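A.B. asks: here's a sequence, model it:
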Amino acid sequence: MRAIVMERGEDGQAKARLAQLDEAALPAGDVTVRVEFSTINYKDGLCLSASGGGLVRTYPHVPGIDFAGVVEASDDPRWQAGDRVILTGWRVGEAHWGGYAEKARVKGDWLVPLPEGLTARQAMAIGTAGFTAMQALMALEAHGLAPGQGEVLVTGAAGGVGSVAVALLAKAGHQVAAVTGRPETAEYLTRLGATRIVAREELAETVKKPLEAETWAGCIDAVGGAMLARVLGQMKSGASVAAVGNAGGLVVPANIIPFLLRGVNLLGINSVTVPFAQRVAIWERIARDLDMGLLEGMIRPATLAEVPELGAAILKGQVQGRVVVDVTA
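C.D. replies: I've put the predicted structure just below:
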């Protein structure tokens with residue numbers, strides 16, 4: 001089978017290459033899946049880097065944190081040969097071999113059924129990024145966000161999570177303000193449903209005062225760092241920020257005043273170990289609520305051979321929308 005294999009050289013640096021592997025090399029697991037499609041998330045870019053992003057522990061390694069395909073063999077009674085399945089999370093592609101291969105072997109607990117009406121290709125256009133975006137939206141709704149309350153901010157809007165978040169929020173009836181550092185993406189974001197484009201520079205300054213004008217009814221933040229700190233001081237009273245990423249840095253130089261004087265909520269979104277029932281519910285809502293025509297417009301198709309180059313590009317912020325990797329091509 002063909003696979004992207006990460007191997008560490010004598011200098012301690014890892015390098016990705018397209019290779020042929022014997023199926024016997026697959027790790028332990030109770031379900032073998034014939035992979036059809038995968039995708040590239042920011043975390044995939046980290047795993048594909050020379051350091052493994054601090055996520056990959058052992059080599060050789062097959063990365064790819066998402067995949068969709070067909071069950072080929074199963075020792076788990078919940079899954080039968082021919083079942084169409086999706087996998088996201090559970091540190092697959094990091095600690096466990098992942099989806100950048102024509103076959104994968106995993107635990108049955110990690111799989112969910114492909115929702116009716118969704119293709120494997122569409123599922124990977126969504127992937128962890130879209131799954132996380134819907135998880136964030138549902139968390140904001142659980143904390144009171146509803147249409148008509150004002151603009152909802154999406155940072156890193158032209159990326160994978162951001163693109164799907166914009167489309168989902170717009171479909172749900174929200175006014176969406178999309179933050180981007182790439183002016184050329186404005187038309188793309190408007191097509192997804194953004195009603196306002198916010199230049200990244202407007203939020204790039206560090207916090208100068210604890211509170212600014214109450215501007216945002218909610219926020220899905222894929223950036224973190226100084227931008228998240230700035231946004232916290234602009235949230236409306238009782239509003240929530242769903243934090244889903246750290247492309248702008250791990251340290252948030254914020255203060256406590258927005259939490260004390262406005263009751264702002266900072267919601268952490270962990271899409272890795274979501275329980276099965278909740279994971280199924282998120283996928284079913286995605287299949288129901290995401291405009292598949294808009295999803296198609298986000299897709300950049302790719303082959304396995306292109307994965308290493310695209311992994312490097314996503315870390316540089318050079319990937320717009322969603323990459324869908326056809327593992328069979």
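A.B. asks: which element is L46 on?
C.D. replies: Per DSSP states H and E, L46 falls inside helix 42-48.
A.B. asks: SS state for P301?
C.D. replies: For P301, the assignment made with DSSP: H, G, I helix; E, B strand; the rest coil gives strand.
A.B. asks: check it and give its pLDDT.
C.D. replies: pLDDT recorded at P301 is 97.
A.B. asks: my read is that N246 contacts A226, right?
C.D. replies: No. Under the contact definition of C-beta atoms under 8 Å, N246 does not touch A226, with a separation of 11.6 Å. Bear in mind the C-beta positions are built from the backbone N, C-alpha and C, glycine included.
A.B. asks: compare those two (neighbour count), which wins?
C.D. replies: Counting neighbours by other C-beta atoms under 10 Å for N246 and for A226 shows that A226 has the greater number, 19 against 16.
A.B. asks: quick check: the gap between the residue lying closest to P210 once chain neighbours are set aside and P308.
C.D. replies: Nearest residue to P210 in three dimensions, chain neighbours excluded: I257, at 3.6 Å (C-beta to C-beta, 6 or more residues apart in numbering). Distance, I257 to P308, using C-beta to C-beta, to the nearest Å: 45 Å.
A.B. asks: next up, the contacts around the residue nearest to P210.
C.D. replies: Contacts for I257 were tallied using C-beta atoms under 8 Å, 6 or more residues apart in numbering; they are P210, L211, G233.
A.B. asks: distance of the second one from I256?
C.D. replies: Here the distance between L211 and I256 works out to 11 Å (C-beta to C-beta).
A.B. asks: more neighbours: which of the two?
C.D. replies: Residue environment comparison for L211 versus I256 gives the larger neighbour count to L211, 16 against 9, counting by other C-beta under 10 Å.
A.B. asks: which strand or helix spans the residue nearest to G238 when sequence neighbours are not counted?
C.D. replies: Beyond its immediate neighbours in the sequence, the residue positioned closest to G238 (C-beta to C-beta, 6+ apart) is G263, lying 4.9 Å away. With secondary structure defined by DSSP H and E, G263 is part of neither a helix nor a strand.
A.B. asks: my read is that G263 contacts K236, right?
C.D. replies: No. Contact status for G263 versus K236: not in contact, 9.8 Å apart, counting by C-beta under 8 Å.
A.B. asks: more neighbours, these two?
C.D. replies: Set side by side, G263 and K236 give different neighbour counts by other C-beta under 10 Å, the larger being at K236 (18 against 13).
A.B. asks: what's the spacing between the nearest residue to C47 once chain neighbours are set aside and V112?
C.D. replies: If the residues on either side of it in the chain are set aside, C47 comes closest to P63, at 4.2 Å by C-beta to C-beta, 6+ apart. When C-beta to C-beta is the yardstick, P63 and V112 sit 21 Å from each other.
A.B. asks: quick one, which of those two is more surrounded?
C.D. replies: Comparing P63 with V112 by other C-beta under 10 Å, the one with more neighbours is P63, at 33 against 21.
A.B. asks: look up how far A129 lies from the more buried one.
C.D. replies: Applying C-beta to C-beta, the value for P63 to A129 is 16 Å.
A.B. asks: after the longest helix along the chain, next one along is what?
C.D. replies: Longest helix of the chain, by residue count under DSSP state H: helix 120-142. Counting by DSSP H and E, the element after helix 120-142 in chain order, helix or strand, is strand 151-154.
A.B. asks: kindly export that next one (C-alpha atoms) in PDB.
C.D. replies: Presented in PDB, the C-alpha positions along strand 151-154 are these (Å, rounded to 0.1, in the frame of the first residue of the first chain):
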ATOM      1  CA  GLU A 151     -22.000  40.400  15.000                       C
ATOM      2  CA  VAL A 152     -20.100  37.100  15.600                       C
ATOM      3  CA  LEU A 153     -16.400  37.300  15.000                       C
ATOM      4  CA  VAL A 154     -14.400  34.600  13.300                       C
END
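A.B. asks: picking up where we left off before, state the phi and psi torsions of the residue nearest to P210.
C.D. replies: phi -60, psi -40 (degrees, to the nearest 10).
A.B. asks: would you list every one of the helices in the stretch 151-300 of the chain?
C.D. replies: Shown for the stretch 151-300 of the chain, the helices assigned by DSSP state H, counting those that start in this stretch span residues 160-171, 186-192, 225-232, 257-261, 276-289, 292-298.
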